[in-house]
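Engineer: Let's see this in three dimensions:
(2 chains)
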Amino acid sequence: MTPLPATGTEIPIRQYAPTALDLFKFSASAWLLHRIHYDTPFTVEHDGHPGLLIHGPLQGVYLVQTAETWLGDTGRIASVSYRHLAPAYLGDSLEVGGTVVGSDDDGIDLDLWARKTDGAITTTGKARFTRQ
Amino acid sequence: MGVITDEARSWADRDYPSYDFVVTATDIAKFAHATGETNPIHFERDAAISAGYDDVVAPTLFPYVVRMHASALVPADQLEPDGSPTSDVPPLPTRRAMAGETTIEFGERVLAGDVVTVRKRLADMYEKDGRSGPLVFVEMEFTFTNQRGALVARENFTRIYR
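Structural biologist: Model prediction:
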């Protein structure tokens, strides 16, 4: 059995810079029709945002993907929670990383985050992975 | 001064119909490509079988796709001007919506060929004062099961209206 990483271990940071095409593909694949992810005039004039929003759930995917890619087949996700603290807009580059914050016989607990290149956190989360 | 009216409260207090999503390998491939997955278990049946699965495997957060279809795959007259499904929008003066917080527990993985049933319940609705006026929090609970009745995922999701 491959051991899971120890408490305190930092997850290697992954970079995400979604394009308009990436935002559209995510909306299309989920049948997410909310215009703030593809209709710039509506998003600016109606909702008062500076541009298209990077979906909260897409950032949730980034958090899960960063942890899963790092752990590979050694662990399987049991739960995840995440919360959006600030909007991320088309054109923003996101760094996603985290830390192992706990460990027991069955698995590990992770803190996860997505931040803009200026350091502002957009999404923060927690996940539990169980040993495989 | 509250913005949650009796009308909004009675809107919240109802049963939502369950929704069955027949999961195809194409649905899985679309979501996997949209999220930049590269593991062949999401695209190729042989790769999934080699990895010990019966068919192509959906990415972890695929239940999100199921619940979006459940609320948004409706006729055009059941959508709001912003594209949101009318059934998800409480009768409130605060209409601009954002995703808030979510917590998901995972059970069995979703494979191509599964039929995933999602059940939705409105768990709570409350308001807080935000910097630019009142914020209304709508908490929903989703339960996802497969054709064997096994739990696929359970999600508590909060949407924020401002």
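
Engineer: residues touching B:T158, list them.
Structural biologist: Each residue near B:T158 by CB atoms under 8 Å, 6 or more residues apart in numbering or on different chains is listed here: B:100-102, B:137-140. Using the backbone N, CA and C atoms, a C-beta is placed for each residue, glycine as well.

Engineer: That one and A:K126: what is the separation?
Structural biologist: 15 Å (CB to CB, to the nearest Å).

Engineer: List phi and psi for A:E45.
Structural biologist: Backbone dihedrals for A:E45, given as degrees, to the nearest 10, come out at phi -80, psi -40.

Engineer: Can you get me a residue count around it?
Structural biologist: 10 (other CB atoms under 10 Å in any protein chain shown).

Engineer: If you count contacts, what does the top strand by length along chain B end up packed against?
Structural biologist: Longest strand of chain B, by residue count under DSSP state E: strand B:115-130. Counting contacts by 3 or more CB pairs under 8 Å, 6 or more residues apart in numbering or on different chains; DSSP states H and E, strand B:115-130 packs against helix B:6-12, strand B:19-22, helix B:63-72, strand B:133-145.

Engineer: will you turn those into a markdown table that also has distance to chain A and mean neighbour count?
Structural biologist: Shown next, in a markdown table, are those (distance: least, CB to the nearest CB, whole Å; neighbours: other CB atoms under 10 Å in any protein chain shown):
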| stretch | distance to chain A | mean neighbour count |
| --- | --- | --- |
| helix B:6-12 | 20 | 13 |
| strand B:19-22 | 10 | 15 |
| helix B:63-72 | 4 | 23 |
| strand B:133-145 | 12 | 19 |
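
Engineer: So which residues of chain A form helices?
Structural biologist: Listed in chain order, the helices of chain A (DSSP state H) span A:20-30, A:40-45, A:56-71.

Engineer: Before I go, just wanted to say thanks for your time.
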